[in-house]
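K.L.:
Requesting a structural model of the entry that follows:
(chains A and B)
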Amino acid sequence: MLELDRLSKTFHAGADRVVAIRETSLTLADGDFLTIIGSNGAGKSTLLNLIAGTYPPTSGRILLNGLDLTGVPAHRRARRVGRIVQDPLAGTAPSMTVAENLALAMKRGRRGLRPALPRRLRHRFQDQLSALNVGLENRLRCRVSLLSGGERQALAVLMATLVPPEVLLLDEHTAALDPSNAVMIVRLTRSFVERVRLTTLMVTHNMEQAIDVGTRLIMMHKGEIIEDLQGAEKAHATVPQLVDLFSDHHVVDDELLLERVF
Amino acid sequence: MAALWIHAVEQGLAYGIAALGVFLTYRILKFPDLTVDGSFVTGAAIASVLLTQCGIDPFTVLVLAFLGGGIAGLITGLLNTRLGITNLLAGVLTMIMLYSINLRIMGRPNLSLLRAPTVTRIIEAAWSPLGSLAVLAFIGLLTLAVKLLLDGFLRTEIGFALRATGDSEAMITAQGVNTKTMKILGLALSNGLVALSGALVAQYGGFADVGMGLGTIVTGLAAVIIGGTLIRSNHVGWMTLSVLLGSLIYRIAVILALRYGYVIGFQASDLKLITALLVVLALVVPYLRERRLRKVSAC
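P.N.:
Next up is the predicted model:
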């Protein structure tokens, strides 16, 4: 269970003060798959950064399965909190090979002087890559910088779930991909998340995707959660309905209208 | 003439260990570390003092020099990661501090090892059947051992984490690695290797001088860059081999330039200028090529 307790984040003090997250509380049960939508500057990414520990909150607490993560540095949360970012370049080590990247993801906890990539691991990785069905199984020795964006992101999905975390954060992880790759990545993400019933938070700009994927949907605006759709309400939501909800809160902007077209 | 070639190869290998240190920071960690200009001398200073004044075994001296260099790297790492000083400045500050510290260790600007039982002398006596190749064989084996140990380390779980730290800090943090610790570790290891090289060069050359480290970063970069253009590989073993090869080629070029350079008006004192210009050229060519490509694609 993930609990955010009156979480706030303010950037810059004084005149430049920006309140990115304002007194936000949220509780996710195990296996919940939450999608988060909102206009630019709504605080979606900040929320994920706070959970990942990229920076500490200004106030409030973050509890994961009863454990207070609030002051824990990002690298110590890594075993519990998995993350996939928007930029496929940033989520993998480009100068290392596919197999080497996977070996990095195998060791979320303590690292020692054992060989990082013994032969048995290679075989295991090959099987796991075959299961992805994106043709990476024969490219274990290939440098990640030579892969396409979609292939890299598929690798990132596998890396984030190789050792299942307690909560998975997806920060617009399909936004930088072309439509067919985006569909492929969503398919992979869903299959992993559903198989291990992973508690997941997914930020997206795509309302269709937000409705289609997951079990719960929240809408954010100016650092607050303004809508929270669950169960049947979420299952039967439509894009026009979401746009109406946005306009009820006076947050319609060009970008939202553009997305409605797609 | 044969002696000249042996000499060049010996030097290339001995300085090659320092180049491996520069490779570790510059190529693997993407941290341009200037500490090496000081830590090279620290290694030489520790070796010369322990040999002449403490009578410690010259092989043990190499290990102690490695540890001394490691402390120097540790300081740069702490300045950068814990106190927030930028990487270049942290290295420069440690390098300047080391200048005074090296003088303190030696007690004077230079120390002669002419009467000391250096590794080269011991090896010459012990491996006498090899004749003039004894020292070359020893330095070759030592360098190879250092290379293989470094390769092995870079293939461990910690080694992987170190490589990924230079690649993408955000990514490796998300995989549970403290990048600050990795940088400190990498800098300590790198400067340890540089100091080991300094200790070896001092014993081989028969002296330690407080100015002998000047330009270690540049010669190290020259070796890394020359090697990198000859062998393009992302395989750790090939990369370290390329660095040693680069160091060898650089030393051979230096010796040839010193011997025959007068023909076109070179002096020994021009060496650092030429080395630096070589590195400038090697760094600038890919940059200009990329900029030209970008211009074309912008049209």
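K.L.:
Show me what the helix or strand where B:Ala253 lies packs onto, helices and strands only.
P.N.:
Counting by DSSP states H and E, the element that carries B:Ala253 is helix B:236-260. In this structure, helix B:236-260 makes packing contacts with helix B:2-23, helix B:134-154, helix B:216-230, helix B:271-298, judged by 3 or more Cβ pairs under 8 Å, 6 or more residues apart in numbering or on different chains; DSSP states H and E. From N, CA and C alone the C-beta is placed, and that goes for glycine too.
K.L.:
Which residues of chain B lie near chain A?
P.N.:
With Cβ under 8 Å from any Cβ of the partner chain as the criterion, chain B comes near chain A at residues B:153, B:155-161, B:163-164, B:166-168, B:170-179, B:234.
K.L.:
What's the ChimeraX line that selects buried ones from those residues?
P.N.:
To isolate in ChimeraX the members of these that are buried, counting by 16 or more other Cβ atoms under 10 Å in any protein chain shown, one can use:
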select /B:155,156,157,158,159,160,161,163,164,166,167,168,171,172,173,174,175,176,177,178,179,234
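K.L.:
so of the residues of chain B next to chain A, which ones are in helices?
P.N.:
B:153, B:157-161, B:163-164, B:166-167, B:170-174, B:179 (DSSP state H).
K.L.:
ok, these vs A:Ile51, which is closest?
P.N.:
Ranking these by separation from A:Ile51, with Cβ to Cβ as the measure, puts B:Ala174 on top at 12.0 Å.
K.L.:
List the contacts of the residue nearest to that closest one when sequence neighbours are not counted.
P.N.:
Distances taken as Cβ to Cβ, 6 or more residues apart in numbering or on different chains place A:Arg83 nearest to B:Ala174, at 5.0 Å, with adjacent residues excluded. Counting by Cβ atoms under 8 Å, 6 or more residues apart in numbering or on different chains, A:Arg83 touches A:Leu48, A:Ala52, A:Ala160, A:Leu168, A:Leu169, A:Leu170, A:Asp171, B:Ala174.
K.L.:
how's chain A carved up into domains?
P.N.:
A:1-26+A:40-80+A:165-171+A:200-228+A:250-262, A:92-164 (automatic domain parsing).
K.L.:
What's the local residue count around A:His75?
P.N.:
20 (other Cβ atoms under 10 Å in any protein chain shown).
K.L.:
can I assume it is in contact with B:Met182?
P.N.:
No - contact criterion Cβ atoms under 8 Å: A:His75 and B:Met182 do not qualify, at 9.9 Å.
K.L.:
Could you give the secondary structure assignment for A:Gln220?
P.N.:
Heads up, residue A:220 is Met, not Gln. Following DSSP: H, G, I helix; E, B strand; the rest coil, the label given to A:Met220 is strand.
K.L.:
quick one on the thing from earlier: among the helices and strands packed on helix B:236-260, which gets the worst mean confidence?
P.N.:
Per-segment mean pLDDT for those reaches its minimum on helix B:271-298, at a mean of 74.
K.L.:
Which elements pack onto it?
P.N.:
With contacts defined as 3+ Cβ pairs under 8 Å, 6+ apart, helix B:271-298 has these neighbours: helix B:216-230, helix B:236-260.
K.L.:
mind running it again at 6 Å?
P.N.:
Judged by 3 or more Cβ pairs under 6 Å, 6 or more residues apart in numbering or on different chains; DSSP states H and E, the packing partners of helix B:271-298 are helix B:216-230.
K.L.:
other SSEs contacting the helix it packs on?
P.N.:
Counting contacts by 3+ Cβ pairs under 6 Å, 6+ apart, helix B:216-230 packs against helix B:2-23, helix B:36-49, helix B:236-260, helix B:271-298.
K.L.:
mind running it again at 10 Å?
P.N.:
helix B:2-23, helix B:36-49, helix B:87-106, helix B:179-205, helix B:236-260, helix B:271-298 (3 or more Cβ pairs under 10 Å, 6 or more residues apart in numbering or on different chains; DSSP states H and E).
K.L.:
Could you list the buried residues of it?
P.N.:
Neighbour counts over helix B:216-230 (16+ other Cβ under 10 Å) mark B:216-228 as buried.
K.L.:
returning to that earlier point: of all the residues in the helix holding B:Ala253, which ones are buried?
P.N.:
Within helix B:236-260, the residues scored as buried using 16+ other Cβ under 10 Å are B:236, B:239-255, B:257.
K.L.:
one step back: taking the contacts of A:Arg83 one by one, which sit in strands?
P.N.:
Those of the contacts of A:Arg83 mapping onto strands are A:Leu168, A:Leu169, A:Leu170, A:Asp171, per DSSP state E.
K.L.:
mind putting these in JSON lines, pLDDT and neighbour count included?
P.N.:
Formatted as JSON lines, the ones in strands among the contacts of A:Arg83 follow (pLDDT from 0 to 100; neighbours: other Cβ atoms under 10 Å in any protein chain shown):
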{"residue": "A:Leu168", "pLDDT": "92", "neighbour count": "23"}
{"residue": "A:Leu169", "pLDDT": "92", "neighbour count": "23"}
{"residue": "A:Leu170", "pLDDT": "91", "neighbour count": "30"}
{"residue": "A:Asp171", "pLDDT": "90", "neighbour count": "22"}
